[in-house]
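In: take this sequence and fold it.
(one chain, ligands or ions: 1)
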Amino acid sequence: MSSNLRINYTIDPDPAALALRAAHHMLELAEEAVEARGRCRIAISGGSTPKATFRILADPAQPFVSRMPWSQIELFFVDERTVPPDHPDSNYRMTKEALLDHVPIRPEQVHRMQGELEPEVAAAEYEFDLRRTFRLEGAESPRFDILTLGMGPDGHCASLFPHTEALHEIGRLVAANHVPQMNTWRITLTWPVINHAREVFFLIAGADKADRAKQVFTGPKDVETLPSQLIWPASGILTLLMDKAAAAELPPTGADGKGHLERAR
Ligand SMILES: O=C(O)[C@H](O)[C@@H](O)[C@H](O)[C@H](O)COP(=O)(O)O
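Out: The predicted model follows:
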């Protein structure tokens, strides 16, 4: 694993421009993965920010419905709420309504976290699905081609919330995480699995993220309080796609429209 982390970021003027950039980014990475390996395994986060990107990917007026290699894509989830798949809070339901119902991807290509089950059962079932799908042996970890993350105003990503047990889970692929500050349980990929992905990018929008983004990506290490600092891809490279409001406290980008930060271990 790389000792230093290179964080490359771009800043778009508003959430709509950010969503379009994210769609192009996913298309580019998916084409690269299929070119290199004949398929693309994508793990997506939920929440509100990705919804605009999913809608663009599904929009027939945009090039993505025809250009994305849908038949070679396998879709996974980074985390899920402990609710049924038709519940308003379900990441699966959001993804189905914004994307899956509108693109040529078959149900068997989609690996849903079963939020309707007991949390520990749901986590174990998903871990079993990953082990079977990726044909893992022993302590092997699944290697997603693309893994998307959002960041909450509290600095969480996936369902790795501040001061919760899952921050310390390194032996499992999937954890049931009790989140007392939300009085709920979540199902989440563990951070070693996230870091094993080939391409990890954050999609962050909104002024309510600006201060925390500065702390997470430029401040002192404090992973208990800022779990997004656990994200340190094995490649040594992390991409942030942000809008202007969320990036307000980061250094401005260069003439090429890109910003760069370095973090030492
Ligand atoms: O299940 C979830 O909610 C997500 O996986 C979560 O980690 C999300 O990415 C952040 O909370 C940011 O959410 P927004 O995009 O809504 O700000």
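In: not counting residues beside it along the chain, what's closest to whichever residue of the stretch 51-200 of the chain sits closest to the ligand?
Out: Residue nearest to the ligand within the stretch 51-200 of the chain (C-beta to the nearest ligand atom): residue 150, separated by 2.4 Å. (Glycine included, C-beta is placed from N, CA and C.) Using C-beta to C-beta, 6 or more residues apart in numbering and skipping residues adjacent in sequence, the residue nearest residue 150 is residue 47, 4.5 Å away.
In: that neighbour: what secondary structure?
Out: Recorded secondary structure, residue 47: coil (DSSP: H, G, I helix; E, B strand; the rest coil).
In: most residues in a single helix of this protein, which one?
Out: Criterion DSSP state H: the longest helix present in the chain is helix 15-37.
In: can you name every helix or strand that that helix contacts?
Out: strand 4-12, strand 40-44, helix 49-58, helix 64-67, strand 146-149, strand 199-204, strand 237-243 (3 or more C-beta pairs under 8 Å, 6 or more residues apart in numbering; DSSP states H and E).
In: list the buried ones in the third one?
Out: By neighbour count with 16 or more other C-beta atoms under 10 Å, helix 49-58 contains the buried residues 49-58.
In: contacting the ligand as well, which ones from those?
Out: Subset of the buried residues of helix 49-58 in contact with the ligand: residue 49, counting by C-beta under 6 Å from any ligand atom.
In: what's in contact with stretch 21-28?
Out: The contact list for stretch 21-28, computed with C-beta atoms under 8 Å, 6 or more residues apart in numbering, reads 10, 12, 42, 50, 53, 56-57, 62-64, 67-68, 146, 148, 201, 203, 239, 241.
In: swap in 7 Å and give it another go.
Out: Stretch 21-28 has contacts (C-beta atoms under 7 Å, 6 or more residues apart in numbering) with 10, 12, 53, 56-57, 64, 67-68, 146, 201, 203, 241.
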